[in-house]
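[1] Model the following, please.
(chains A and B)
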Amino acid sequence: MNVPLTLLGLLEREPSHGYELKRDYDAYFGRGKPLPFGQVYATLGRLARDGMVEAGEAEPGAGPDRKRYAITEAGATEFETWLAEPVIPEPHLQTVLFAKVVLALMLGRQAGQYLDAQRAAHLQRMRELTELKQNGALVDALLADHGLFHLEADLRWIDMTAARLDALAQVVSRPVPEITGGSR
Amino acid sequence: MTEHTTAAGAAGRSPVLDPADCLIEAHRVVRSFGQTPALRGASVSVNAGEILAVMGPSGSGKSTLLHCLAGILAPDAGEIWFDGRRIDTMGEAERSALRRDQFGFVFQFGQLVPELTAEENIALPLLLAGVRRTAALERARPWFGRLGLDGLELRRSGELSGGQAQRVALARGLVAGPRVLFADEPTGSLDSLAGELVMNLLTAAVRDLGTTVVLVTHEPRVAAYADREVIVRDGTVNTLAAGRVGS
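    You can find the predicted model right below:
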């Protein structure tokens, strides 16, 4: 989660106090990981330094920060640019899962058993997210869906790999060809 | 899974698990179609009140296992027990009565009777069990509100969307108050949202009624509604993958 740009987006709606930003951030994006107040104000300070937000006059009253922050034109442009850019699709190459399977096969271990255990762990997590979906608000359901679809993709990979273990075992049992050409 | 080699027909009890916990049990079930083996010694138990997902690749034998557990198919070998009664040795008439009185079914393609209205389709198991038409339709009606089908009572299957038809099929599977609902890929023909609605309604209804569910699916997102899963592979139940991690 990009905290500065997310806060800029929240400020694009209307000028807000730091505690209001934290409240809305936690409600929509925190999900078990609330944003510390210190990080909110430190981020707003950096955004103000960079000309992305402006801090209003301190308002009377108790509390650490009575300033209302507003997004600047530069901040709005920065936010719009970020919003319009597609997120880089992460490769999710399953490096840990893949490494475990290959090493298990190289060492003559039961890679299938490892994949079975992983499948059970994935399904257990999917059960938890499904329960969250059934009992939570729409925001929770959409976040749970995001996790569920990714876990489902992992499971497809696990099933495909399980079906190809014999072929993969033959591949990894062969010596790796010497690397030729290229510079070192 | 614990292995036992002795049948316990004389005692009239399941040979493997305590009937107090276990409602259905298959023990080393073998079933072939011609020369093609579908089940090669599958063992599985289903606890009362749980939703058990039966997963596995295409052709692994999961639907055959469901059909054996439900008394639709008789196994070539092995034992199948339901609530302390051995069902694999029953005759077809007795199994048929068991299916009608104790089990409900939902299949991938609703398989509604096209000539009947939605309410007649839902009432069908009751009509087949000898309940009078007026009483059967009376019992069918609450299911329309329960499954979000209000206003569709008189529609025929051709006038229902896929999701609506599947909800009618779900109501038909539950209307007679079965002890066990057997669901074979109940969302297989639906898109994600319609499938999710069917699964939400299915789980809410069976939790409410205390119905045990055996749910065959190849979709992890559907299996995630279950309490537990078993994986069928090459005609056997993969017990290593069964159950919750850490349990």
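
[2] Tell me the residues of chain A that contact chain B?
    Residues of chain A found near chain B (CB under 8 Å from any CB of the partner chain) are A:113, A:116-117, A:119-124, A:126-127, A:129-130, A:134, A:148-149, A:151-152, A:155, A:159, A:163. For glycine as for every other residue, the C-beta is placed from the backbone atoms N, C-alpha and C.

[3] of the residues you listed, buried ones?
    A:116, A:119-120, A:122-124, A:126-127, A:129-130, A:134, A:148, A:151-152, A:155, A:159 (16 or more other CB atoms under 10 Å in any protein chain shown).

[4] Would you mind giving the domain segments of chain A?
    A:3-84, A:95-173 (automatic domain parsing).

[5] Could you dump those domains into CSV with mean pLDDT added?
    Below are those laid out as CSV (pLDDT from 0 to 100):
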stretch, mean pLDDT
domain A:3-84, 89
domain A:95-173, 89
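
[6] thinking again about what came up before, and the buried ones among the residues of chain A next to chain B, which two are furthest apart?
    Farthest-apart pair in those is A:Asp116 and A:Gln134; separation 26.8 Å (CB to CB).

[7] In chain A, mark out all the strands, start to finish.
    Per DSSP state E, chain A carries strands over the ranges A:16-17, A:53-55, A:68-71.

[8] what sits up against the first one?
    So that's strand A:16-17. A:Leu10, A:Asp24, A:Asp65, A:Arg66, A:Lys67, A:Arg68, A:Tyr69 (CB atoms under 8 Å, 6 or more residues apart in numbering or on different chains).

[9] partner residues bridging the last one?
    Which is A:Tyr69. On the basis of DSSP bridges, A:Tyr69 is bridged to A:Ser16, A:Ala55.

[10] Give me the neighbour count for it.
    A:Tyr69 has 27 neighbouring residues, counting by other CB atoms under 10 Å in any protein chain shown.

[11] Quick one: residues contacting it.
    Counting by CB under 8 Å, 6+ apart, A:Tyr69 touches A:11, A:15-18, A:21, A:44, A:47-48, A:53-56.

[12] Weed out the non-buried ones from those.
    A:Leu11, A:Ser16, A:His17, A:Gly18, A:Leu21, A:Leu44, A:Leu47, A:Ala48, A:Val53, A:Glu54, A:Ala55.

[13] which non-adjacent residue is nearest the first one?
    In this structure, A:Leu11 finds its nearest non-sequential neighbour in A:Ile71, 4.2 Å apart by CB to CB, 6 or more residues apart in numbering or on different chains.

[14] hmm, which helix or strand of chain B has the shakiest average pLDDT?
    strand B:236-238 (a mean of 84; mean pLDDT, DSSP states H and E).

[15] re earlier: adding distance to B:Gly34, write the buried ones among the contacts of A:Tyr69 out as CSV.
    CSV is the format used below for those (distance: CB to CB, whole Å):
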residue, distance to B:Gly34
A:Leu11, 70
A:Ser16, 72
A:His17, 75
A:Gly18, 73
A:Leu21, 69
A:Leu44, 74
A:Leu47, 72
A:Ala48, 78
A:Val53, 75
A:Glu54, 80
A:Ala55, 80
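
[16] Might one say that B:Arg221 is in contact with A:Asp145?
    No. Judged on CB atoms under 8 Å, B:Arg221 makes no contact with A:Asp145 at a distance of 9.0 Å.

[17] out of these two, which sits in the more crowded spot?
    For B:Arg221 versus A:Asp145, neighbours defined as other CB under 10 Å are more numerous around B:Arg221 (21 against 16).

[18] Next up, phi/psi of the more buried one, please.
    phi -70, psi -30 (degrees, to the nearest 10).

[19] Could you identify the buried members of the contacts of strand A:16-17?
    A:Leu10, A:Asp24, A:Asp65, A:Lys67, A:Arg68, A:Tyr69.

[20] just these now: which is nearest chain B?
    Taking CB to the nearest CB as the measure, chain B lies nearest A:Asp24 of the buried ones among the contacts of strand A:16-17, at 27.9 Å.

[21] ok, and the closest non-adjacent residue to the closest one?
    Nearest to A:Asp24 is A:Leu10, by CB to CB, 6+ apart, at 5.5 Å.

[22] again, but for B:Val29
    B:Gly78 (3.6 Å).

[23] The one you found and B:Ala70, how far apart?
    Using CB to CB, to the nearest Å, B:Gly78 is found at 15 Å from B:Ala70.

[24] Counting neighbours around each, name which of those two comes out higher.
    In this view B:Gly78 and B:Ala70 are compared by other CB under 10 Å, and B:Ala70 has more residues nearby, 24 against 17.

[25] what sits against that one?
    B:Ala70 neighbours (CB under 8 Å, 6+ apart): B:Arg99, B:Phe103, B:Phe105, B:Val180, B:Phe182, B:Val214.

[26] Could you point out which of these is nearest to chain A?
    Nearest member of the contacts of B:Ala70 to chain A, counting by CB to the nearest CB, is B:Val214, at 16.5 Å.

[27] Let me know the secondary structure of that closest one.
    With DSSP: H, G, I helix; E, B strand; the rest coil as the basis, B:Val214 sits in strand.

[28] For burial, what's the neighbour tally of it?
    25.

[29] what bridges to it?
    B:Leu52, B:Phe182.

[30] what's it in contact with, if anything?
    By CB under 8 Å, 6+ apart, the neighbours of B:Val214 are B:Ile24, B:Val46, B:Leu52, B:Val54, B:Leu66, B:Leu69, B:Ala70, B:Val180, B:Leu181, B:Phe182, B:Ala183.

[31] For A:Tyr114, see how far away it is.
    According to CB to CB, B:Val214 and A:Tyr114 sit 28 Å apart.

[32] and what of B:Arg86?
    B:Arg86 is 38 Å from A:Tyr114, by CB to CB.

[33] what's the residue closest to the geometric middle of chain B?
    Geometric centre of chain B, nearest residue: B:Phe182, 0.5 Å, by CA atoms, centre = their mean.

[34] Surely it and B:Gln102 touch.
    No. Applying CB under 8 Å, one finds B:Phe182 not in contact with B:Gln102, separated by 10.6 Å.

[35] which stretches of chain B have low pLDDT?
    B:1-20, B:110, B:238-247 (pLDDT under 70).

[36] what about the strands in it?
    B:22-33, B:36-47, B:51-55, B:77-82, B:85-86, B:103-106, B:180-184, B:212-216, B:228-233, B:236-238.

[37] possible to save these as CSV with distance to B:Leu193?
    Shown next, in CSV, are the strands of chain B (distance: least, CB to CB, whole Å):
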stretch, distance to B:Leu193
strand B:22-33, 32
strand B:36-47, 29
strand B:51-55, 20
strand B:77-82, 35
strand B:85-86, 40
strand B:103-106, 18
strand B:180-184, 19
strand B:212-216, 19
strand B:228-233, 23
strand B:236-238, 31
